[in-house]
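When you get a sec, could you give me coordinates for this:
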Amino acid sequence: MKTSFTTNLDDLVANTKSLAREVLEKADENHGGYFTVTIETPKRKGSEEQNRAFHALLNEFWISGCSSFNTYEQMRDHYKLRAAGAKEYMFADPAGQMTVKTLSEVRGWYVEVPYSWAEMTKDQRRIAIDLIIDEMYESGVNTKKFDEIMEGLYGYKLHDTGR
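Numbers count the residues shown, from 1 in each chain. Okay, here's the model as predicted:
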C-alpha cells in the first residue's frame, strides 16, 4: 500500500504520531512491520493563479463564439501544444493503437498528445496564456468578462467604456 498527502510543517510535527497510526491502520497486514516514509517539498511547476487565468480565458473565448475551434477540448489542447509541444504521439498500427515519445517513431497519421496543465512549467503556462490572449484580441473578443480577466491579470481594462 502506498499513501501520500500534503500538509504544512506545523501540522506534520504536531500530528506525526496520529498520521502514522492512521497509515498503519489502513496498511496491508503483509508489510512485515516495516514502512518507508518519505518527506519532500511539493513539486509545483506553475501557480494556481495561472491555472485560473488559463481556464477563465479558454472559457470566455469559447463562450464568445469568436474562436474557430470545433470543440473546447481542441481549443485547450491547441494552446498547450503550442506552448509546450507534444508529450507523446498516438497512431494506428496493424497491432493496435500505438503511443510513442518521438515523432520519428510514428508510422502514418498521428495525433499529438499534449502535456497536462499540471506537467507544464511556469514559463510554458505563461506562453499558453499569452497565446490565447493574443488570439482573443485578433478574433475580436470584446466582452465584459474578458475585460475583468485582463484587469485581474494586468490591472487595467482593455475596453474601458466609461460605464
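
Quick one: list the elements packing against the lengthiest strand in the chain.
Counting by DSSP state E, the longest strand found in the chain is strand 86-93. If you count contacts as 3 or more C-beta pairs under 8 Å, 6 or more residues apart in numbering; DSSP states H and E, strand 86-93 packs onto strand 96-100, strand 110-114. Every C-beta, even on glycine, is put in place using the N, C-alpha and C of the backbone.

For that strand, which residues meet the burial criterion?
Within strand 86-93, the residues scored as buried using 16 or more other C-beta atoms under 10 Å are 86-89.

Domain map for the chain?
1-42, 48-154 (automatic domain parsing).

Reformat these into JSON lines and put mean pLDDT next to each item.
Shown next, in JSON lines, are the domains of the chain (pLDDT from 0 to 100):
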{"stretch": "domain 1-42", "mean pLDDT": "66"}
{"stretch": "domain 48-154", "mean pLDDT": "95"}
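
dump the residue contacts of the residue most central in space within the chain.
Nearest to the mean C-alpha position of the chain, by C-alpha atoms, centre = their mean, lies W117 at 1.6 Å. Contact analysis of W117 by C-beta atoms under 8 Å, 6 or more residues apart in numbering lists 46, 51, 54, 80, 125.

So which of the residues you listed is the closest to E148?
F54 (15.3 Å; C-beta to C-beta).

mind checking the SS state of the residue nearest to that closest one when sequence neighbours are not counted?
Closest residue to F54 apart from its sequence neighbours, by C-beta to C-beta, 6 or more residues apart in numbering: I129 at 5.5 Å. Following DSSP: H, G, I helix; E, B strand; the rest coil, I129 is assigned to helix.
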